[in-house]
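In: Provide a 3D model corresponding to the input given below.
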Amino acid sequence: MKTTRPLIIFSVAAALLLLPLIAMQFTNEVDWNAFDFLVAGILLFGTALAIEFAIRKISNPKNRLIAVGAILIVLFLVWAELAVGIFGTPFAGS
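Out: Reported below is the predicted structural model:
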C-alpha cells in the first residue's frame, strides 16, 4: 500500500484540478485562465506533497491526523482568500 499511496494522493490533486477545466466546457460561469490553473496546481500539488510528507514522517496516528487536518485547513483558507478575499489581503481575488 505504501507505493500506491502517493499515486492516490497526487491523483486526487489532479482530479480536483480537472474539475474547473471540465466545468469551463459546459458553462461560462467558470472562467479560468492559465495563471489560475498554475496557482491552483501549485496549491493542490503542494498540499499533496505536504500531506505525503506528514504521513511518512509522523508515526503517531493522532498527530498524523492533526497534521493532515492542519494542512487541509491552510489549503482551504488560502483558496478561499484567493477566491473571495475573506481576510482582505492584497492578493485576494476580489
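In: C-alpha from now on. contacts and neighbour counts both.
Out: Noted.
In: Tell me where the chain has helices.
Out: Under the criterion DSSP state H, the chain contains helices at 5-24, 34-57, 61-84.
In: Any chance of CSV for those helices, columns distance to Ala92, mean neighbour count and mean pLDDT?
Out: Below are the helices of the chain laid out as CSV (distance: least, Cα to Cα, whole Å; neighbours: other Cα atoms under 10 Å; pLDDT from 0 to 100):
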stretch, distance to Ala92, mean neighbour count, mean pLDDT
helix 5-24, 19, 14, 94
helix 34-57, 13, 15, 95
helix 61-84, 5, 15, 94
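In: From Ile55, how far off is Val68?
Out: 8 Å (Cα to Cα, to the nearest Å).
In: Grab the nearest non-local neighbour of the residue sitting nearest the centre point of the chain.
Out: Nearest to the mean C-alpha position of the chain, counting by Cα atoms, centre = their mean, stands Leu44 at 2.9 Å. Among residues not flanking Leu44 along the chain, Ala13 sits closest, at 5.4 Å (Cα to Cα, 6 or more residues apart in numbering).
In: can I assume the one you found is in contact with Gly46?
Out: No. Between Ala13 and Gly46 there is no contact under Cα atoms under 8 Å: 9.3 Å.
In: Could you check the pLDDT of Ile86?
Out: If you check Ile86, the pLDDT there is 85.
In: List phi and psi for it.
Out: Reported as degrees, to the nearest 10, the phi and psi values for Ile86 are phi -70, psi -20.
In: show me the contacts for it.
Out: Ala80, Ala92 (Cα atoms under 8 Å, 6 or more residues apart in numbering).
In: Thought Ala54 was touching Arg64, still the case?
Out: Yes. Counting by Cα under 8 Å, Arg64 does reach Ala54; the two are 6.5 Å apart.
In: how far away is the residue nearest to Leu44 from Phe91?
Out: Separation of Ala13 from Phe91 (Cα to Cα): 23 Å.
In: distance of the residue of the chain positioned farthest from its centre from Ala48?
Out: Distance from the centre of the chain peaks at Asn60, with 23.9 Å (Cα atoms, centre = their mean). As judged by Cα to Cα, Asn60 and Ala48 stand 19 Å apart.
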